[in-house]
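Student: sequence first, then the predicted structure, then my questions.
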Amino acid sequence: MTSNKPLGAALFGVGRIGQVHLKNMVDSGRLIIRWLVDIPAQHGLMAELIKRHRLTGETQISDIESSQKVLSDPRVDVVIICTPTPTHYDIIKRALAAGKHVMCEKPLTLTISDTKDCYELARKQKKTLFCAYNRRFDKQFHTLYQRYKRGDIGNLRVVKFTSREGGQSKQYLQNNKSRIFLDMAIHDIDYICWLVGERPSSVCAFGSISSYNAELYQTFDDVDCVTAILNFPNGVMAQMEDTREANIGYEQKVEVLGTKGLIQTQNMKTSELCTITQNSCQSEALLGTFFDRYKDSFPTELNHFVDVIEGKEEILVSAESCIIAMEVSEALSESLKTGNIVKL
Ligand SMILES: NC(=O)c1ccc[n+]([C@@H]2O[C@H](COP(=O)([O-])OP(=O)(O)OC[C@H]3O[C@@H](n4cnc5c(N)ncnc54)[C@H](O)[C@@H]3O)[C@@H](O)[C@H]2O)c1
């Protein structure tokens, strides 16, 4: 199927990531935004977004209760889901059942069985279900992947990941009901398994609550810092550190050691300026948030989704890889809880 006509779209959820996708949907010129769907408390914001993006006359507002009319709208080809994680399953299932293609924010659902269920329905309906692991579409990360695959560093031996963010709000933790591995570290898990090209055979994890905001994470029976090791059948070892509250901006580093060389990504800063005096050498601050660091990956990810629907590209995030990331995340959560090495 090849079509260059803009596709009709409905966006569920106009919060933080929803607004990022909305802007990219408009900028792409490949989607006509037919509906914005959110709770009544967000309808004022939605009206403002419609004005800001000059969508008046093209885009309607719906609340969640009456969202079935959105899904029954024959002008809607794709549904983009940016609502809190516990709501994904129901929206994905209803959208696929209504014959729509779906792009959904990570994690796809709260459980492995629900994720499998969604992909099974997508297969039956012959529709695309795309889990938005945006890190795969980041320039640095994508190039790292390509260089390793073309043999620049030989066979893979060790992968090291560091992800440190500036904290989550109480409301986010309350709404999303997924702890650190499923909510945050799943980005790293997905990327590592994609790079290594297989499922780990065993994993183990340790965690601590050590940030200045420790009490918040304790309230949600979570930790704010984890380290984990993923051991792969082909001999690769991966090591991850994920920290919720680092107070240093958004830190993201990857190091990949192969038999012939090493590839490292660099932290991205607000500017590449470096001020040098006799007594100091000072570079600029790190980018502040995940959204700043990954700004460029989101439009690329969205274009990929449209290309897949238009038959121009093979989907980069397969059902199998999405399920593997969920399984590893669950195994790591079990290891964190029990202190055991967990075999997959
Ligand atoms: N890929 C990424 O980089 C990334 C970054 C942030 C968040 N996320 C994911 O995106 C999702 C949303 O996160 P967020 O930070 O944007 O949250 P948010 O709270 O800022 O926004 C969620 C929005 O969904 C609305 N909403 C709640 N229930 C709804 C429903 N049933 N139907 C329609 N709208 C509903 C809320 O009113 C709110 O406007 C989560 O699953 C999260 O894991 C992904």
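Tutor: Looks like it arrived, so ask away. Residues are numbered from 1 along each chain as shown.
Student: for the residue in the stretch 201-344 of the chain that the ligand sits nearest to, phi and psi?
Tutor: As assessed by CB to the nearest ligand atom, the ligand sits closest to Phe290 within the stretch 201-344 of the chain, at 5.6 Å. C-beta: built from backbone N, CA, C; applies to glycine. Here is the backbone geometry of Phe290 (degrees, to the nearest 10): phi -50, psi -40.
Student: so who does it touch?
Tutor: 165, 250 (CB atoms under 8 Å, 6 or more residues apart in numbering).
Student: pLDDT score for it?
Tutor: On pLDDT, Phe290 comes in at 88.
Student: ok, Asn4 next?
Tutor: Looking at Asn4, the pLDDT reads 73.
Student: which residues does the closest residue to the ligand within the stretch 51-200 of the chain contact?
Tutor: Nearest residue of the stretch 51-200 of the chain to the ligand, counting by CB to the nearest ligand atom: Glu105, 3.4 Å away. Glu105 makes contact with 17, 81-83, 85, 88, 132, according to CB under 8 Å, 6+ apart.
Student: of those residues - the most surrounded one?
Tutor: His88 (26 neighbours; other CB atoms under 10 Å).
Student: what about Ser297, how many neighbours?
Tutor: Residues near Ser297, counting by other CB under 10 Å, number 20.
Student: identify the residues contacting it.
Tutor: Neighbouring residues of Ser297 by CB under 8 Å, 6+ apart: 134-135, 137-139, 141.
Student: switch to 10 Å and redo it
Tutor: Contacts here follow CB atoms under 10 Å, 6 or more residues apart in numbering; on that basis Ser297 touches 132-142.
Student: of these, just say which sits nearest to Cys225.
Tutor: In terms of CB to CB, no member of the contacts of Ser297 lies closer to Cys225 than Arg135, at 19.7 Å.
Student: surely that closest one forms part of a strand?
Tutor: No. Read with DSSP: H, G, I helix; E, B strand; the rest coil, Arg135 is helix and lies in no strand.
Student: ok, it - contacts?
Tutor: So Arg135 contacts 106, 141-142, 163, 187-188, 190-191, 194, 252, 254, 290, 293-294, 297, 301 (CB under 10 Å, 6+ apart).
Student: with Ser28 instead?
Tutor: For Ser28, the contacting residues are 6, 9, 299, 302-303, 305-306, by CB under 10 Å, 6+ apart.
Student: please indicate which of the contacts of Ser297 are buried?
Tutor: 132-138, 140-141 (16 or more other CB atoms under 10 Å).
Student: which of the contacts of Glu105 are close to the ligand?
Tutor: The subset of those within reach of the ligand, by CB under 6 Å from any ligand atom, is 17, 82-83, 85, 132.
Student: tell me where the stretch 51-200 of the chain has strands.
Tutor: 60-62, 78-81, 101-105, 129-132, 156-164 (DSSP state E, counting those that start in this stretch).
Student: partners of the third one in the sheet?
Tutor: It refers to strand 101-105. Paired with strand 101-105 in the same sheet, following DSSP bridges, are strand 78-81 (parallel), strand 129-132 (parallel).
Student: got it, and the shortest one?
Tutor: The pairing partners recorded for strand 60-62 under DSSP bridges are strand 31-37 (parallel).
Student: quick one on the thing from earlier: Arg75 versus the residue of the stretch 51-200 of the chain closest to the ligand, what's the distance?
Tutor: Going from Glu105 to Arg75 by CB to CB, to the nearest Å gives 23 Å.
Student: against the ligand, how distant is the closest residue to Thr56 other than its chain neighbours?
Tutor: In space, and not counting its chain neighbours, Thr56 is closest to Ile50: 5.8 Å by CB to CB, 6 or more residues apart in numbering. Separation of Ile50 from the ligand (CB to the nearest ligand atom, to the nearest Å) stands at 15 Å.
Student: distance check, Cys225 against Ser208.
Tutor: Using CB to CB, Cys225 is found at 5 Å from Ser208.
Student: more neighbours, those two?
Tutor: The neighbour count for Cys225 versus Ser208, taken as other CB under 10 Å, is higher for Cys225 (20 against 12).
Student: and that one, backbone torsions?
Tutor: Torsion angles, degrees, to the nearest 10, at Cys225: phi -150, psi 130.
Student: is it bridged to anything, and to what?
Tutor: The partner list for Cys225 in beta bridges (DSSP bridges) reads Ser208, Thr243.
Student: contact partners for it?
Tutor: The contact partners of Cys225, by CB under 10 Å, 6+ apart, come to 164, 180, 206-211, 214, 217, 241-246.
Student: can you check Gly258 too?
Tutor: 147-148, 151-159, 236.
Student: pLDDT score for the residue nearest to it when sequence neighbours are not counted?
Tutor: Leaving aside its chain neighbours, Gly258 sits nearest to Ile153 (3.1 Å; criterion: CB to CB, 6+ apart). Per-residue pLDDT puts Ile153 at 98.
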